[in-house]
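**Student:** Fold the following, please.
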Amino acid sequence: MIALSVYFVTLNEERRLPLALEKASLVADEIVVVDSGSIDGTEAVARRFGAKFIVHPWESIGHQVSFAEKCCSNRWVLRLDADEVLSDELVEEIRRIKELPGCSGYRLRIGNVFPGIEVPLRWVKHYRLIRLYNRDAMEMSGRFGHDDVVFKTKNPQVKTLHGFVCHYSYLGLNHLFEKRLFESDMQRRRAKNEQKRYSPWRMVGAMSLNFLKVFFLDRYFLYGFWGFILAISVGHLRFLKFAKIFEYERLEKDSYLGLEEKQVAPGSCFSTSDEEPNKVPLDL
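**Tutor:** Now for the predicted structure:
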């Protein structure tokens, strides 16, 4: 039986964290919560579940998850966001893996849930990410804005599990669209950090093309009007990314009412989960 550490990164997650920890505690031998300065009851929630609570300043999601991973005591780790809840099926799969792992890492299916829709729909496109893994074979990359793993050994065996992680990203329409402003700031910063340049013409079709992709090709129409709202917000996010990159580059050249002095990412009341899109792949 292997020992498993489950680690989270948090910021102001007292509302969503209890459900995530409740399910995580069913498979965890250790729970690590790395927080970037919550001002709500996040710490109290974490300690109620016996988690190791560590405060660490925020730089990006990539840096934060890499730090949290290093805080774990066990070689086998499971990385979750505070808005991600293990399904009962996935809990049983992980328990069997703990008895006898057959691979070095496992991809988890992460699907959205909404009010009235408590289980992700399997036919809707969803993420399959390596989240359960042996640190002797792979580790978090630590790249700015990326929470992906990199392999430490050649061609480690990886398997996709059947059960879902339920993604509770929705906290109301105001939160959803304000969150897109924060996400687009982080994407603009990441583009600058990676020295990527985009034509301003990318703004023109970003909203409509991404809406069509998410709603129809990714089959979010199966979620009904919730899927419609999400697809609209994804298109809006994509537009904001290119618009903010255009704005940033122009203000570097042309001063305008002192706005060029404010071209830094703002402080945020959002959770660290909110740096990522709603687990919807954005390919455009």
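
**Student:** Residue 135 and residue 78 touch, don't they?
**Tutor:** No - here residue 135 does not reach residue 78: they are 11.3 Å apart, not a contact under C-beta atoms under 8 Å. For the C-beta atoms, the positions are set from N, CA and C on the backbone; glycine is no exception.

**Student:** Same drill for the two, tell me which one is more crowded.
**Tutor:** Between residue 135 and residue 78, residue 78 has the larger neighbour count (other C-beta atoms under 10 Å), namely 23 against 19.

**Student:** give me the low-pLDDT residue ranges for this protein?
**Tutor:** 263-284 (pLDDT under 70).

**Student:** Just the buried residues of the helix ranked longest in the chain, please?
**Tutor:** Ordering each helix of the chain by length in residues (DSSP state H) puts helix 225-253 first. Across helix 225-253, burial judged by 16 or more other C-beta atoms under 10 Å covers 226-227, 229-247, 249, 251.

**Student:** got the contact list for residue 243?
**Tutor:** 184, 203 (C-beta atoms under 8 Å, 6 or more residues apart in numbering).

**Student:** And residue 53, by the same measure?
**Tutor:** Taking C-beta under 8 Å, 6+ apart, we find residue 53 in contact with 33, 35, 43, 46, 47.

**Student:** so where do the helices sit in the stretch 101-250 of the chain?
**Tutor:** 173-193, 202-212, 225-253 (DSSP state H, counting those that start in this stretch).

**Student:** Distance to residue 152 for these - can I get that in JSON lines?
**Tutor:** Shown next, in JSON lines, are the helices of the stretch 101-250 of the chain (distance: least, C-beta to C-beta, whole Å):
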{"stretch": "helix 173-193", "distance to residue 152": "24"}
{"stretch": "helix 202-212", "distance to residue 152": "35"}
{"stretch": "helix 225-253", "distance to residue 152": "32"}
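
**Student:** Between the ones you listed, which one is closest to residue 126.
**Tutor:** When the helices of the stretch 101-250 of the chain are compared by C-beta to C-beta, helix 225-253 sits nearest residue 126, at 12.4 Å.

**Student:** so which strand or helix has residue 97?
**Tutor:** Residue 97 belongs to helix 88-99 when assigned by DSSP states H and E.

**Student:** What is that helix packed up against?
**Tutor:** For helix 88-99, the elements it packs on are strand 158-167, judged by 3 or more C-beta pairs under 8 Å, 6 or more residues apart in numbering; DSSP states H and E.
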